[in-house]
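A.B. asks: compute the structure for the input listed below.
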Amino acid sequence: MKLEELTNWVEDFRDERDWKQFHHPKDLAMALSIEAAEVLELFRFQSPQEIDQKMPQLRSKLGEELADCLFFVLLMARDCQIDLAEAVRLKLEQNARKYPVELSRGRNLKYTEL
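C.D. replies: Here you go, the predicted model:
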């Protein structure tokens, strides 16, 4: 499914329920932050090894929370007239300049430290 189709699907769901009135960009940003925190909550107080071990059981709930995040990203982009595919392309170009492969491969340093 293409990004445009996903966006239409989510927007139709919202519009059928007359929820756009509650979806000012501020509200969508808040909702996205809350949903992202719910993703974090799934991993709180667990070691990477514990998470790896529990991933088969976590996968479904993680998918739900990531979908919630994506809903709000898609709606915010549509409502603010942002072409997400273009925004991602431009951001990757920007990051490629900040993080050249020869300096950043296998390193987790911020670009100002490379």
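A.B. asks: against Val10, how distant is Trp19?
C.D. replies: 11 Å (Cβ to Cβ, to the nearest Å). Backbone N, C-alpha and C define where each C-beta goes, glycine included.
A.B. asks: looking at these two, which is more packed in?
C.D. replies: Of the pair Trp19 and Val10, Val10 is the one with more neighbours under other Cβ atoms under 10 Å, namely 18 against 12.
A.B. asks: spatially nearest residue to Cys69, not counting backbone neighbours?
C.D. replies: In space, Cys69 comes closest to Glu35 once its chain neighbours are excluded; the distance is 4.6 Å by Cβ to Cβ, 6 or more residues apart in numbering.
A.B. asks: repeat that for Met1.
C.D. replies: Leaving aside its sequence neighbours, Met1 sits nearest to Trp9 (Cβ to Cβ, 6+ apart; 7.9 Å).
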